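# Attaching a predicted model along with its sequence, questions to come.
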Number of protein chains: 4
Amino acid sequence: MINVDRNDPEGTIARIVAAHSNVGRWGEDDVLGTVNFVDDAMRADAAGLIRRGVTFSLSQSFDMDGPQKGWRRRTNPVHTMLDTGTDAALGNQGFPHGIGGADDVIAMPLQCSTQWDGLGHIFDHGMAWNGRKAEEVVTSDGDLVTGIQHMADRLAGRGVLLDVARHLAGPGGELEDGFAITAEHLTATAEAQGASVGRGDFVLVRTGRLARAKREGWGEYAGGPSAGLSLTTAEWLHGTEIAAIATDTWGFEVRPNEFDVPAFQPLHQVVIPHLGLTIGEMWDLEALADDCAADGRYEFFLAAPPLPITGAVGSPVNPLAFK
Amino acid sequence: MINVDRNDPEGTIARIVAAHSNVGRWGEDDVLGTVNFVDDAMRADAAGLIRRGVTFSLSQSFDMDGPQKGWRRRTNPVHTMLDTGTDAALGNQGFPHGIGGADDVIAMPLQCSTQWDGLGHIFDHGMAWNGRKAEEVVTSDGDLVTGIQHMADRLAGRGVLLDVARHLAGPGGELEDGFAITAEHLTATAEAQGASVGRGDFVLVRTGRLARAKREGWGEYAGGPSAGLSLTTAEWLHGTEIAAIATDTWGFEVRPNEFDVPAFQPLHQVVIPHLGLTIGEMWDLEALADDCAADGRYEFFLAAPPLPITGAVGSPVNPLAFK
Amino acid sequence: MINVDRNDPEGTIARIVAAHSNVGRWGEDDVLGTVNFVDDAMRADAAGLIRRGVTFSLSQSFDMDGPQKGWRRRTNPVHTMLDTGTDAALGNQGFPHGIGGADDVIAMPLQCSTQWDGLGHIFDHGMAWNGRKAEEVVTSDGDLVTGIQHMADRLAGRGVLLDVARHLAGPGGELEDGFAITAEHLTATAEAQGASVGRGDFVLVRTGRLARAKREGWGEYAGGPSAGLSLTTAEWLHGTEIAAIATDTWGFEVRPNEFDVPAFQPLHQVVIPHLGLTIGEMWDLEALADDCAADGRYEFFLAAPPLPITGAVGSPVNPLAFK
Amino acid sequence: MINVDRNDPEGTIARIVAAHSNVGRWGEDDVLGTVNFVDDAMRADAAGLIRRGVTFSLSQSFDMDGPQKGWRRRTNPVHTMLDTGTDAALGNQGFPHGIGGADDVIAMPLQCSTQWDGLGHIFDHGMAWNGRKAEEVVTSDGDLVTGIQHMADRLAGRGVLLDVARHLAGPGGELEDGFAITAEHLTATAEAQGASVGRGDFVLVRTGRLARAKREGWGEYAGGPSAGLSLTTAEWLHGTEIAAIATDTWGFEVRPNEFDVPAFQPLHQVVIPHLGLTIGEMWDLEALADDCAADGRYEFFLAAPPLPITGAVGSPVNPLAFK
């Protein structure tokens, strides 16, 4: 049982880490962390969850209308055209036999919209996942060891939605900013939904935060207050042996963090370097949640392939849920 | 039967288009083209193809070591770090309680590596997909009508690999540059492999071109000579009612194109604006092809979700094949 | 004398343009506009204004702390590192004999901070500078005719500061948002300062708007209300035969614009396509203004070279004033 | 007198540095290095060199046709449009009263074309300019101490062209790749030209390398063999007390470097961290050199303002020479 000393984030984190760690569990060369929990047989089983063939994209849009406001140089995606239909229509392109074309480029932070955090994204006291020195893992050349490309064929399997917002606040309801979701909440939601959670699962937690942003505008969605996982869920995240977790919020864990002194994303500090847990953020779970509520089935086949950007510490993703 | 007049690309294209068009087939508001052929039931059926649970990423890497050389301002991806482990290790980040982080950005053409062409990518005499005026579809604000975001939840279903290289050139073999793959080659390959091709399928055609680039270096992979589909396959592409097609080459169709006068990608000019066919390029089919040859099963479940970049005329993609 | 009909921007603009135009003045091939007014002899004369050798940079910073908020996809500059000193210190760079290095990239709108507008930046009813069709001047390949590179060696000469803020509001004072600076204000300021304005001059107009932003934060600096030139100054801008003009505001002209119906930058619409006037925006005139007030000399040698980005419709610039 | 041991770059560099260093010369807080040598009086004197008023831009173009080939992720500039004249002409922009506009963005390495190296660009054994630890100077947030913005108002003064190519190889001639320009060559060139070099000068050295690239294509211009300054010029660079130096080559110093063992830019390693010398590269000296040869005057007023990009270790620049 995890006790949070609200005046001592560093000590609290140290105690949690002492009790809950996967460092070394898959050998010293491991680059996958909890994604190791998924095997081919699980994926084959999960394929059986595709019944109607209905497909949900769990991605937000990638465009300038996103939530980023410049924090740590994170902008929204800037999408510009190299060639357009207006050029083609006006005969400016110099191509033969009537062919014309449009082409485009993008500049964006890899974590500006719906995303996976890579294992090189967060460090604890200079230590990256699996006990490695951060400075030997992520340099200006990127993540030399645990780059997101290692996950290229790994982020697929059984998905389970835990619609905590609906469970606690009813249909259309949502969790308040600062609400810390505990292991008890997760377990109770799973039970109420009739959806087990276990080894190798991809768990999607819905807080309703994105629904509010869609309704009221972004406001402080990127970086501001939000419901999210309590630091105390570290034990549950470790014990359930899930493969990965994603939320409909910017930062996965509750904001403000559960301390009375300055603190910043302590659950990240535990689960990325010590558990090797892959985290998804800013996922759009709305349509999927409606469907799950309608048919009572909260499990599905999930395919959420990151772009294999060599050395990236995160990746934009368009996750697909198949039911 | 399509006759190519090698001195008249414009006339040849016009004759093909007159005989093979889906314009209007799905109503005047359509934004999906041949992807309409896939329905939920097909996807549910295709899920049954996932047996061992083995997963193949069909994506090349996204990094500076790619094939782009600057043609039409297409560069390789430029991935840079906003924060690194060296910064964290040296205590430069200013975060509390020992947390450190790495973050990154990317700037890239949307079609620099493994990709989907969007329906706004190519025009015929100023006409975009479904009879629309190109200048009303793709402006500097991007594709206002058929942007890739409309495909966010659509690019998944039954995949079929047609390993034409292996069929014609044997194990480890590859097609010569300039070799035009005809409908007969496609049909014969499918038969030899015991893999049917039909409505709603995602067809992946392997030429061996990428295998050569992996072995010998990129050379002219991006834009140079290559085996690829013959212009005459337009009839087959239309008649089979496939959902989409992808190849292991830069440009999908044979290069140089099949004319004795200046020509540029005439098959694109037919199939994107007139068939509404979604095309994938620069896919890495090597590992999948080996597995298909090994177990004799050339069909699989494919999930190839584009990033829903608003208004994009293409998208990077990490396609996953599940067997 | 220009009369503004506050309910008819289109008609008002048309009347102004009919009376004040340089179209054709320098031949049909002209790509320089009013910059033609500066000749070498004027520059040699202006060199005589360099007496103490003191130098003022009139540029704002280029970084994420700038005023841009995403309007029309304008972000602040995103500056990222390709190599750093932390990498070098930790021995990650692989160079011989102890050399280490840092390198960097930038992504930015060309008009995100201190800038010159190019002659291809604004059109009037589809007409670019000198009577050319906008669609034949600026395509997705950039400005094919009047790109900023043509100004590479032109934007230098005699500079004159008109500190209207100081003249009207006293030392430390500033003009109110929405205050329209008229030709009378400009003339009176010049007289009060003892600084003539004439052919080939680079005129810098200070409103105090940037001083406020420095004091109070950006707020709506980029695109919001501001003092600025009245539409009625078109006559003065034409008649004085100045080479170029720049202000300490985002948009050069008064905001909101001087109409009771929807309007947007009507003075731009007049002076760029019809006068061929080069406009500078977001210049930092604070230190220069203090010095001019101190020594009573409001003229100087100005060197404000744009980056010769081929086909650009604007350029970032670090203007230097030498006194 | 500097002796180069061709088998010992590290030792050779150490010996040079022991004899030639400005570390501490301007106090421990210095961020300007040799630019300190220029004072206002010198600038006022240099203004007297502006006689005819003729102006030369010493900048290459900034576009995709540049020399970069991807080394260390350096691309050529990617310039794309946010709005174009074709959009305006076709009425796509939604502005009132007939106004239309074009706007653009750029993504580029700061040292992709004509540039200044900042003082944070090169380190010697983890030491940056003036004895500072590299890791405390340049992090992922950029150069926190000696960023190029400190040079915003400093890079102007008396310029001297040393046309070594013309002096040694005659009109139209050029130096061979690998030719090491020594102090004797520099001195002899200055004498032959009748141009003194001294404290606070901006010295521009022409090798003819760019002339060849203009004639024959880029080839290996960016990073390949080239004439350039010998490592032995460190003494001259130190003793003359010049403010800055620039060349028409990619890398300022001779390439290959003057060692028989692996070496990389040893003169940079000496002059940036130990002399605090600001270096310009890839300058286009052709038109200026022709003019100097024609009138026999090799001195001029130089204004070469960097963009004040906060924390940058280099800057693109359009240097102007006034005669």
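Perfect, I can see it now.
# Okay, and the nearest residue to A:Glu286 once chain neighbours are set aside sits in which element?
Spatial nearest neighbour of A:Glu286, chain neighbours left out: A:Ala211 (6.0 Å); criterion: CB to CB, 6 or more residues apart in numbering or on different chains. Heads up, the C-betas are built off the backbone N, CA and C, glycines and all. Per DSSP states H and E: A:Ala211 is located in helix A:209-216.
# Buried ones in that helix, by neighbour count?
By 16 or more other CB atoms under 10 Å in any protein chain shown, the buried positions in helix A:209-216 come out as A:Arg209, A:Leu210, A:Ala211, A:Arg212, A:Ala213.
# doesn't A:Asp290 make contact with the third one?
No: the pair formed by A:Ala211 and A:Asp290 falls short of the contact definition of CB atoms under 8 Å, at 10.4 Å.
# sorry, back to before: now for the residue nearest to A:Glu286: which residues touch it?
Contacts for A:Ala211 (CB atoms under 8 Å, 6 or more residues apart in numbering or on different chains) come out as A:Ala165, A:Glu174, A:Asp248, A:Glu286.
# out of the residues you listed, which one sits closest to C:Val160?
Nearest to C:Val160 among the contacts of A:Ala211, counting by CB to CB, is A:Asp248 at 57.3 Å.
# Any idea how many residues pack against that closest one?
33 (other CB atoms under 10 Å in any protein chain shown).
# What pLDDT does the model give the residue of the stretch 151-300 of chain A found nearest chain C?
The stretch 151-300 of chain A approaches chain C most closely through A:Trp218 (11.1 Å), counting by CB to the nearest CB. Looking at A:Trp218, its pLDDT is 97.
# Around chain D, pick out the residues from chain A.
Along chain A, the residues adjacent to chain D under the rule CB under 8 Å from any CB of the partner chain are A:78, A:80-82, A:84, A:86-87, A:89-90, A:92, A:105, A:107, A:140.
# Among those, which one is most surrounded by other residues?
Result: A:Thr84 is most packed of these (other CB under 10 Å), 36 neighbours.
# quick one: secondary structure of whichever residue of the stretch 151-300 of chain A sits closest to chain D?
Per CB to the nearest CB, A:Phe264 is where the stretch 151-300 of chain A lies closest to chain D, at 16.9 Å. Of the three states, A:Phe264 takes coil under DSSP: H, G, I helix; E, B strand; the rest coil.
# got it, and A:Ala293?
helix.
# check contacts around it.
A:Asp163, A:Arg166, A:Pro171.
# Among those, which are located in helices?
Taking DSSP state H, the ones among the contacts of A:Ala293 that sit in helices are A:Arg166.
# Run through the helices of the stretch 151-300 of chain A in chain order.
A:164-169, A:183-193, A:209-216, A:234-239, A:266-270, A:286-295 (DSSP state H, counting those that start in this stretch).
# now, of those helices, which is deepest in the fold?
Most buried of the helices of the stretch 151-300 of chain A, by mean neighbour count (mean count of other CB atoms under 10 Å in any protein chain shown): helix A:266-270, with a mean of 27.
# From the contact counts, what lies against it?
helix A:9-19, strand A:122-124, strand B:99-101 (3 or more CB pairs under 8 Å, 6 or more residues apart in numbering or on different chains; DSSP states H and E).
# Would you mind listing what in chain A touches chain C?
So far as CB under 8 Å from any CB goes, chain A lies against chain C at A:64, A:70, A:73, A:75-76, A:78-84, A:86-87, A:90, A:92, A:107, A:135-136, A:139-141.
# Next one: the residue nearest to A:Glu286 from A:Val164, what distance?
Using CB to CB, to the nearest Å, we find A:Ala211 at a distance of 13 Å from A:Val164.
# Kindly report the same for A:Leu58.
From A:Leu58 to A:Val164 the distance is 16 Å (CB to CB).
# Who are the contact partners of A:Ala41?
Applying CB under 8 Å, 6+ apart, the residues near A:Ala41 are B:Gly53.
# three-state assignment of it?
For A:Ala41, the secondary structure call by three-state DSSP comes out as helix.
# quick one, which residue of chain A lies the farthest from its center?
Largest separation from the mean C-alpha position in chain A: A:His97, at 46.9 Å (CA atoms, centre = their mean).
# Could you report the separation of that residue from B:Pro9?
On the measure of CB to CB, A:His97 and B:Pro9 end up 4 Å apart.
# quick one: common contacting residues for the two?
In contact with both A:His97 and B:Pro9: B:Ala263, B:Pro266, using CB under 8 Å, 6+ apart.
# residue nearest the centroid of chain A?
Centroid check for chain A by CA atoms, centre = their mean gives A:Gly280 as the closest residue, at 0.5 Å.
# beta partners for it?
A:Gly280 has these beta-bridge partners by DSSP bridges: A:Trp116, A:Ala246.
# right, and it touches A:Ala244 too?
Yes: under the criterion of CB under 8 Å, A:Gly280 makes contact with A:Ala244 at 6.6 Å.
# okay, and the common contacts of those two?
A:Trp116.
# What distance do you get for the residue nearest to A:Arg43 when sequence neighbours are not counted to D:Asp124?
Nearest residue to A:Arg43, sequence neighbours excluded (CB to CB, 6+ apart): B:Gly53, at 3.4 Å. Computed as CB to CB, the B:Gly53 to D:Asp124 distance reads 55 Å.
# who has more neighbours, those two?
Each of B:Gly53 and D:Asp124 has its neighbours counted (other CB under 10 Å); D:Asp124 has more, 24 against 19.
# what does the stretch 151-300 of chain A put close to chain B?
Counting by CB under 8 Å from any CB, the residues of the stretch 151-300 of chain A that sit close to chain B are A:Ala152, A:Asp153, A:Arg154, A:Ala156, A:Val261, A:Pro262, A:Ala263, A:Phe264, A:Gln265, A:Pro266, A:His268, A:Gln269.
# pretty sure the first one is touching B:Leu58, no?
Read that as A:Ala152. No: under the criterion of CB under 8 Å, A:Ala152 makes no contact with B:Leu58, lying 9.4 Å away.
# Of those two, give the one with the bigger neighbour count.
Shown here are A:Ala152 and B:Leu58; by other CB under 10 Å, B:Leu58 has more neighbours (28 against 23).
# Many thanks, we can stop here.
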